[in-house]
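In: 3D model of this:
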Amino acid sequence: MNTLKSSLEFPHFPVMLNEIIEISSPSKGGLFVDCTFGGGNYSKALLQFNKTKVIAIDRDKAVNSIAKNLKKKFREKFNFYQEKFSHLDKILNKKGDVIIFDLGLSSIQLNDLKRGFSFKSKDKLDMSMGLSMNSAQEAINNLTETQLKLIIKILGEEKEASIIAKNIVKARSEKKITRVDELVKIIEKSKKKNFYDKINPSTKTFQALRIFVNKEISELISGIINATKFLKPGGKILIVSFHSIEDKIVKYLFSNFSKNRSKPSRYLPDDINNTNVLFEKYINKIIRPSKREIDKNNPSRSAKLRFAIRSDDPFVYPVNLIKKFKIYLDLEATNV
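Out: Sure, this is the predicted structure:
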């Protein structure tokens, strides 16, 4: 008799684990903060070193059993919090040596078809990563056509957002959209056939809804600001991102608040809100997975790793980061 696998039974591949270990130097010891615990692979690897302590965070209750097993093994060296990483300031009572983010969807979430992240699912439209206020089903059925269009266009970077939003509203006027496969059919009918497109037609719309439901941009901005605030001078912040919006935010923070940031013109004064330095000289270099890793774990192909080193300057809130990405924050604040 065939039995369905639990999402926890699928293999979990930590993205660029070797690179993370090399950059973070756990052999020197210190306090490491794993902001996206997931399958626990980063935490497990860091805990193998003698002088390390790890604080792990994840908003998803599905990983609690993995965290409990790790706690039994490492006891005083490991603590886990089921919380959003935007609340880092409520969890940490002292500054960390290394803070790590691995953004986006985990394999645990994707492989559990009941959660509605996968195009293959015929279950309800949920898409909550945990501790979310709304579901994708509520968004799809309650938002206006204009709101849906903007969310799909801006958060999903979907060129055909207008027709997709129009057809969603048309379909729900006849029958409430409750299941993943119902939404997939609407999107497929809306999109122009493109035989050269390598991604699933629903990819960008699903990305947009997932980001909206989980307030991923707001979470990321709050999370990395708090991480910078709670990082020791000389400490490192490492961020693995998977789509262009995430990477733009990370790059902007590291580039514009470092000692070697560039001015728009040498004849203009520094922006008064951007004179604070948070990082040492930033090398604008993206680290990508090796071909060997991509062959083993194909979803890692879109991963980008950036890291920065905290300066010894006092923390000043990076106001311009909020201003720069206000359009995304305003979209996520839309009432459902």
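
In: In contact with the most centrally placed residue in the chain, which residues?
Out: The residue lying closest to the centre of the chain (CA atoms, centre = their mean) is residue 103, at 2.7 Å. By CB atoms under 8 Å, 6 or more residues apart in numbering, residue 103 lies in contact with 36, 216, 220, 239, 240, 241, 242, 246. No exception for glycine: its C-beta is placed from N, CA and C like everyone else's.

In: what's the distance between it and residue 95?
Out: Using CB to CB, to the nearest Å, one obtains 22 Å as the distance from residue 103 to residue 95.

In: What of residue 135?
Out: Distance from residue 135 to residue 95, counting by CB to CB: 36 Å.

In: Between those two, which has more neighbouring residues?
Out: Higher neighbour count among residue 135 and residue 95: residue 135, with 18 against 15, using other CB atoms under 10 Å.

In: For residue 290, see how far away that one is.
Out: 37 Å.

In: Do a quick rundown of the strands in the stretch 201-336 of the chain.
Out: Taking DSSP state E, counting those that start in this stretch as the test, the strands found in the stretch 201-336 of the chain are 231-241, 304-309.

In: So for residue 256, which of those sits nearest?
Out: strand 304-309 (11.2 Å; CB to CB).

In: any weak-confidence spans in the stretch 1-150 of the chain?
Out: Low-confidence segments of the stretch 1-150 of the chain (pLDDT under 70): 1-12.

In: ok, the closest residue to residue 49 other than its chain neighbours to residue 114 distance?
Out: Among residues not flanking residue 49 along the chain, residue 26 sits closest, at 4.2 Å (CB to CB, 6 or more residues apart in numbering). Going from residue 26 to residue 114 by CB to CB gives 36 Å.

In: Also residue 282?
Out: 42 Å.

In: Looking at these two, which has the bigger crowd around it?
Out: residue 282 (21 against 14).

In: Which strand residues bridge the nearest residue to that one once chain neighbours are set aside?
Out: Leaving out its chain neighbours, the residue that sits closest to residue 282 by CB to CB, 6+ apart is residue 258, at 3.8 Å. Here residue 258 sits in beta bridges with residue 279, going by DSSP bridges.

In: contacting residues for residue 258?
Out: Counting by CB under 8 Å, 6+ apart, residue 258 has contacts 277, 278, 279, 280, 281, 282, 308, 311.

In: Look up how far residue 239 lies from the closest residue to residue 217 other than its chain neighbours.
Out: Leaving aside its sequence neighbours, residue 217 sits nearest to residue 328 (CB to CB, 6+ apart; 4.2 Å). Distance of residue 328 to residue 239, given as CB to CB: 17 Å.

In: Who has more neighbours out of the two?
Out: Set residue 328 next to residue 239 and count neighbours by other CB under 10 Å: residue 239 wins out with 27 against 22.

In: Give me the distance between that one and residue 15.
Out: Distance from residue 239 to residue 15, by CB to CB: 11 Å.

In: cool, and residue 79?
Out: Residue 79 is 23 Å from residue 15, by CB to CB.

In: who has more neighbours, the two?
Out: residue 15 (23 against 16).

In: Test my guess that that one contacts residue 297.
Out: Yes. Using CB atoms under 8 Å, residue 15 makes contact with residue 297 at a distance of 7.3 Å.

In: Which neighbours do the two have in common?
Out: residue 289.

In: got the CA coordinates for the helix or strand containing residue 163 in CSV?
Out: If you go by DSSP states H and E, residue 163 is part of helix 161-174. C-alpha atoms of helix 161-174 as CSV (Å, rounded to 0.1, in the frame of the first residue of the first chain):
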residue,chain,number,x,y,z
ALA,A,161,-1.0,40.9,-14.6
SER,A,162,-3.9,42.8,-16.0
ILE,A,163,-5.6,39.9,-17.8
ILE,A,164,-4.8,37.5,-15.0
ALA,A,165,-6.5,39.8,-12.4
LYS,A,166,-9.4,40.4,-14.8
ASN,A,167,-10.0,36.7,-15.3
ILE,A,168,-9.7,36.0,-11.5
VAL,A,169,-12.4,38.5,-10.8
LYS,A,170,-14.6,37.1,-13.6
ALA,A,171,-14.2,33.5,-12.3
ARG,A,172,-14.9,34.4,-8.7
SER,A,173,-18.1,36.2,-9.7
GLU,A,174,-19.5,32.8,-10.8
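
In: Specify the angle between the next helix or strand after that helix and helix 161-174 in degrees.
Out: Following helix 161-174 in sequence order, the next helix or strand is helix 180-190 (DSSP H and E). Angle, helix 180-190 to helix 161-174, by axes from the mean of the first three to the mean of the last three CA atoms, to 10 degrees: 130 degrees.

In: Need the contact partners of helix 180-190.
Out: By CB under 8 Å, 6+ apart, the residues outside helix 180-190 that reach it are 116, 118-119, 121-125, 136, 140, 160, 163-164, 166-168, 171, 177, 201-202, 205.

In: What's the PyMOL line that selects buried ones from those?
Out: Buried residues within the contacts of helix 180-190, by 16 or more other CB atoms under 10 Å, are selected in PyMOL with:
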select buried, resi 116+118+121+123+125+136+140+160+163+164+167+168+171+177+201+202+205
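
In: sorry, back to before: the residue nearest to residue 49: what's it in contact with?
Out: 32, 45, 46, 48, 49, 52, 98.
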